[in-house]
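S.K.: let me see the structure of the following:
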Amino acid sequence: MPETSLPIVHKQIGVAVISNQQGKILIDRRKARGEMGGLWEFPGGKIEAGETVEECIRREIQEELGIEIAVGESLTVINHDYKTFKVTLYVHDCRYLSGEPQPLECEEIRWVKQSEIDQYQFPQANIQIVNILQNRGRAI
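M.R.: Predicted coordinates:
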C-alpha cells in the first residue's frame, strides 16, 4: 500500500512591526517549548475565519502583550515553506498607543533599535522583515 502524506498545513499570520515614539521596535522571544522555541519574533498570530488582517493583529497584540496599537500600512507579505508547514505572513507597520507590554504568551519582550535588530535570532520567515527594517533604518 503506498504511503500517503498528510496535506501540508498553511498558516495565515498577521504580524505587527510595532514602533514607539523613540523609534524602537517591539520583539518577543518565543517560549522555549515547541517549534522554533527560544527564537525572537515580531508579535502576531493566526488570522481567524471572517477576520481581517488588521483585526487579527489588534486582537493578537492585546491577547499576547496586553497593549493597544494602531495598525498601519502593509509593510510586506511573505510566503515561506518550512519542513512541516507553510506560512504566509501579512506584515503591517504598527504604532504603540497604550498599555504596559507584558509577556503574556511569550518568554520575554524587548524594545530594540532598528540598527540592532539583526543581533537577535529570528525564524527564517522573519529574516525578510529584519532586512526591510535594516534597510529602512539606513534610509532615515
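S.K.: excluding chain neighbours, what is closest to the residue nearest the centre of the chain?
M.R.: Residue closest to the average C-alpha location in the chain (Cα atoms, centre = their mean): residue 42, at 2.9 Å. In space, and not counting its chain neighbours, residue 42 is closest to residue 15: 5.0 Å by Cβ to Cβ, 6 or more residues apart in numbering. (Each C-beta comes from the backbone N, C-alpha and C, glycine too.)
S.K.: so that neighbour, which state does it fall into?
M.R.: Recorded secondary structure, residue 15: strand (DSSP: H, G, I helix; E, B strand; the rest coil).
S.K.: ok, it to residue 90 distance?
M.R.: 7 Å (Cβ to Cβ, to the nearest Å).
S.K.: looking at those two, which is more packed in?
M.R.: Each of residue 15 and residue 90 has its neighbours counted (other Cβ atoms under 10 Å); residue 15 has more, 26 against 20.
S.K.: residues in contact with that one?
M.R.: 42-44, 57, 89-92, 129 (Cβ atoms under 8 Å, 6 or more residues apart in numbering).
S.K.: same thing but 10 Å
M.R.: 41-45, 53, 56-57, 60, 75-78, 87, 89-92, 94, 125-126, 129 (Cβ atoms under 10 Å, 6 or more residues apart in numbering).
S.K.: over to residue 25?
M.R.: 16-19, 42, 94, 96, 110-114, 116-117, 129-130, 133, 137.
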